[in-house]
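In: Sequence first, then the predicted structure:
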Amino acid sequence: MRDPAETSFFTTVPTALVGEDAVVLYVKESEITDSTVRTLGMTLTAFMPLLPKEDAELRGYGSYVLTKAGELVDGMRAFWFAKQRSPEEIATAFDSDEGLRQGIYWPPVLNTVVTAYLLAYDANGETYVASIVWDFSWTRKAWRGPTKVKVEYFASHEPFVITVPTAMQDEGDFFNYGIGSMTLPPCLHGYLDLYVDIPESSRHPAQTFERVMLATSLTNWPDTLVIDMEPSFDRGIYILKVTTAYKPY
């Protein structure tokens, strides 16, 4: 049993990385002052002078760095220390897995928009534009089937900076041009500048309509797409779970 009079002690805890431990240093609350330096990233060697007593065994972990501080456990403050990792180690997944996932929607991708003017004759035999037919061709059709995904796990001694992945945000639009209208279904598409020129006739004057549609964030399916980034703190180290989807075809 631990001596209740102890002012500090430590234990090692296996991390998510096989063969690697973290150090949990417990310091009695009454021994900690407001001036006690507790900077994330400081080495255990730099932290040891703040302890009420030195621990020779603890020196073997001197290069470990502080990853989390301040948790109160039974009157003791817990300080987590873990191996410091290089940028290359942080950027390399320590574990990964591949499989299939349902529920990932891949929107259709617009290729071209083609219009056909339908003409008619009025009572006097004059021609006029009666309506316009819109034809959409698609580079890719929507996909709702199973998608191959890869799940990777990364480890760091400091919190990960999370960037928001680019999303496949499909967008539709509505174009009213006087004698009719066109609805573009939600899809990925490039910059669109659509014109409708209606010549003068007995039914209507000459008219020109224009509709500009800005490109969507992605204009085609990427080969791979990060769909989720989930950070966590697990047994002394920061873990980032990254899920990447591969385009279906």
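Out: It's in.

In: what's the spacing between the worst-scoring helix or strand of the chain on mean pLDDT and its chain's center?
Out: Counting by mean pLDDT, DSSP states H and E, the chain has its least confident helix or strand at strand 65-73, which shows a mean of 86. In terms of C-alpha atoms, centre = their mean, to the nearest Å, the gap separating the centre of strand 65-73 from the centre of its chain is 28 Å.

In: got the contact list for that strand?
Out: Surrounding strand 65-73, the residues in contact under the criterion C-beta atoms under 8 Å, 6 or more residues apart in numbering are 22, 26, 29, 38-44, 47, 77-84, 157-158, 233, 236-238. (Each C-beta comes from the backbone N, C-alpha and C, glycine too.)

In: and it, which residues are buried?
Out: Neighbour counts over strand 65-73 (16 or more other C-beta atoms under 10 Å) mark 65-69 as buried.

In: Quick one: the strands in the protein, in order.
Out: Taking DSSP state E as the test, the strands found in the chain are 8-14, 21-28, 65-73, 76-82, 95-101, 109-121, 127-140, 147-156, 171-176, 181-187, 192-198, 207-213, 224-234, 237-246.

In: so which of the ones you listed gets nearest residue 165?
Out: Among the strands of the chain, strand 224-234 comes nearest to residue 165, with 4.0 Å by C-beta to C-beta.

In: in its sheet, what does that closest one sit against?
Out: Strands flanking strand 224-234 in the sheet, each with its direction: strand 237-246 (antiparallel) (DSSP bridges).

In: Show me what counts as buried in the partner strand.
Out: By neighbour count with 16+ other C-beta under 10 Å, strand 237-246 contains the buried residues 237-240, 242-245.

In: Who are the contact partners of residue 105?
Out: Residues in contact with residue 105, defined by C-beta under 8 Å, 6+ apart, are 142-144, 168.

In: In those, which residue is surrounded by the most others?
Out: Using other C-beta atoms under 10 Å as the contact criterion, the top neighbour count among these goes to residue 168, which has 22 neighbours.

In: show me the contacts for it.
Out: So residue 168 contacts 105-107, 188, 217-218, 221, 225 (C-beta under 8 Å, 6+ apart).

In: The residue nearest the centre of the chain - nearest residue in space that isn't next to it in sequence?
Out: Per C-alpha atoms, centre = their mean, the C-alpha nearest to the average position across the chain is that of residue 165, at 3.7 Å. When the adjacent residues along the chain are set aside, residue 165 lies closest to residue 226, with 4.0 Å between them (C-beta to C-beta, 6 or more residues apart in numbering).

In: For the one you found, give the beta-bridge partners.
Out: Each beta-bridge partner of residue 226 is listed here: residue 244, as defined by DSSP bridges.

In: how much space between it and residue 95?
Out: Counting by C-beta to C-beta, to the nearest Å, the gap from residue 226 to residue 95 is 17 Å.

In: Please apply the same query to residue 63.
Out: Distance of residue 63 to residue 95, given as C-beta to C-beta: 24 Å.
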